[in-house]
Structure formats: structure tokens, C-alpha cells
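Student: Here is the input, now give the coordinates:
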Amino acid sequence: MEWDEFQGMSVTSHRDFESRLRESGVWTALSSKERQFLSFPAWHASLDDAYEFSWATESLCCILWALQQVHAIPPWDLPVAPDIVETLRNSSSLQEPPVLRDPQTLERARSVAELWHWRCRTKFLTDQGRFPPGVTAEDIARAIANAASAASHDGVIAGVLDGDLPVFGRPYRHVNDEQYAALTSIAVERHRALNWLCGLSPANDWDLTPTPT
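Tutor: The predicted structure follows:
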């Protein structure tokens, strides 16, 4: 297929997609950043934006879970299946008024997301040798072990693995770069969605949802 032909097909497909979003009322519910991204065919997007939005299914899954349309949030080292979008599109149950899970359940899930995001950031700081004044690598390792032990006790993780959270069958600190990138994207998107669901975003603005750890 020639590039010009591909571009023409992409533009037509995109226009149809945007029209469906507008007609369904979804367009007005999107954040300003999402509308900007979806205003043009995908090949107009920067690589950074394309990568970020490619992980949006992680946020979507958390929202569907909160609305009791998904039974559980997947394990934190397992990305959401891309076909969740088709599940959303084809689910007749979504025609009914959704029922949000209770605040205590949402807050518990939010705290779990914060734990995984915190572990992501502690690995980055440890790998870079960047510690707060007076804090040593041993202090960080001890904090990680304590957090893993507490999470195991609370049933958040299956168990502690060598003083760390278990991912891909190994301690978190031993993951490779590709695995770490996936873990980071999963944690960031799920943390954002759950913080938003718990009302932590200024003016309920999705794009401004903070994800401190």
C-alpha cells in the first residue's frame, strides 16, 4: 500500500471514529489532552504521546472495575488485554445505570496502586543512587522489605520474595529494563485512575490528577 493511500484511509477512518465519539456524547467527557490527541489520525502523534496513550487501557480497566463491569484489576505485572475496549463496546450491561463500588473498596485499591507506583520510583532512585539527605541504600532496602511484609500480611501480594515485591517470578529489584518500563506504565496509569476515582484531582480534571507516592 502506498503512503498516500494509507494516509487517505487513515483520515477517513479517523473521521468516522471521531463522529461516533461526538454522536455518543463521549467526546465531551474526554479530557482536553485526550481530545487534542484524538483530533488527528494516530500518525500525527509524537512517539511520547503515542506511547503514553497506548497504556490508557490500564486506566480504563480500573474505571470499569470501579463501575463493577470488570471483576478484578489484573495483577500488577500483567498488562490489561487490549480487547478490553471491545468488551466495553459490546457489553450490554453497560446500558444499565452503573453502580460505583463503595468508597472503602476504592480507597483500598488506590492505596495498592500507590504502593506499586512507590516501588517503581524507589527502584529508579536506587538505580540512580539518588537518596534524600541522610538516607542510605540500606534504609531504602529496609523500607521496601517492610512495605512488602505489610502488603503480604494484608493480602495485597501473594508473599514476600527476598525482601521485595514479587514480579515476573523474581524480586522487583531484579527486573530488566523492558519489564521495568511495563511495570512503570501499569502503575502510573492505574494510580492515576484510582486517585481520580477517589476525588483527588483538582476540579475533577483528569489531566491534573496527581500521583504522589
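Student: May I ask which helix or strand encompasses the nearest residue to Thr213 once chain neighbours are set aside?
Tutor: Using C-beta to C-beta, 6 or more residues apart in numbering and skipping the chain neighbours, the partner closest in space to Thr213 is Trp118 (3.8 Å). All C-beta spots, glycine's among them, are computed from the backbone N, C-alpha and C. Assigned by DSSP states H and E, Trp118 belongs to helix 103-128.
Student: Who are the packing partners of the next helix or strand after that helix?
Tutor: On the C-terminal side of helix 103-128, the closest following helix or strand by DSSP H and E is helix 137-153. For helix 137-153, the packing partners by 3 or more C-beta pairs under 8 Å, 6 or more residues apart in numbering; DSSP states H and E come out as helix 103-128.
Student: got the angle for the helix it packs on vs helix 137-153?
Tutor: Between helix 103-128 and helix 137-153, the angle comes out at 150 degrees (axes from the mean of the first three to the mean of the last three C-alpha atoms, to 10 degrees).
Student: can you pull the contacts of the most centrally placed residue in the chain?
Tutor: Within the chain, the residue whose C-alpha comes closest to the C-alpha centroid is Glu189; the distance, by C-alpha atoms, centre = their mean, is 2.0 Å. Glu189 sits next to Trp55, Ala56, Glu58, Ser59, Cys62 when contact means C-beta atoms under 8 Å, 6 or more residues apart in numbering.
Student: which of those residues tops the neighbour count?
Tutor: When neighbours are counted as other C-beta atoms under 10 Å, the busiest of the contacts of Glu189 turns out to be Cys62, with 25 neighbours.
Student: what packs against the helix or strand harbouring that residue?
Tutor: In this structure, Cys62 sits in helix 56-66 according to DSSP H and E. Using 3+ C-beta pairs under 8 Å, 6+ apart as the contact criterion, the neighbours of helix 56-66 among helices and strands are helix 84-90, helix 103-128, helix 177-197.
Student: quick one, domains of the chain?
Tutor: In the domain annotation for the chain, the residue ranges read 1-43, 55-213 (automatic domain parsing).
Student: Can you tell me which of those has the worst average pLDDT?
Tutor: Of all the domains of the chain, the segment with the smallest mean pLDDT is domain 1-43, scoring a mean of 64.
Student: Identify, out of the domains of the chain, the most deeply packed stretch.
Tutor: Looking across the domains of the chain with neighbours counted as mean count of other C-beta atoms under 10 Å, the highest average goes to domain 55-213: a mean of 16.
Student: any idea how far that one is from the chain center?
Tutor: Its chain's C-alpha centre lies 7 Å from the corresponding centre of domain 55-213 when counted by C-alpha atoms, centre = their mean, to the nearest Å.
Student: Just the endpoints, please. Distance across that domain?
Tutor: One end of domain 55-213 sits 20 Å from the other (C-alpha to C-alpha, to the nearest Å).
Student: can you pull the contacts of His71?
Tutor: Going by C-beta under 8 Å, 6+ apart, His71 touches Trp65.
Student: Could you look up the SS state of it?
Tutor: When the structure is split into helix, strand and coil by DSSP: H, G, I helix; E, B strand; the rest coil, His71 lands in coil.
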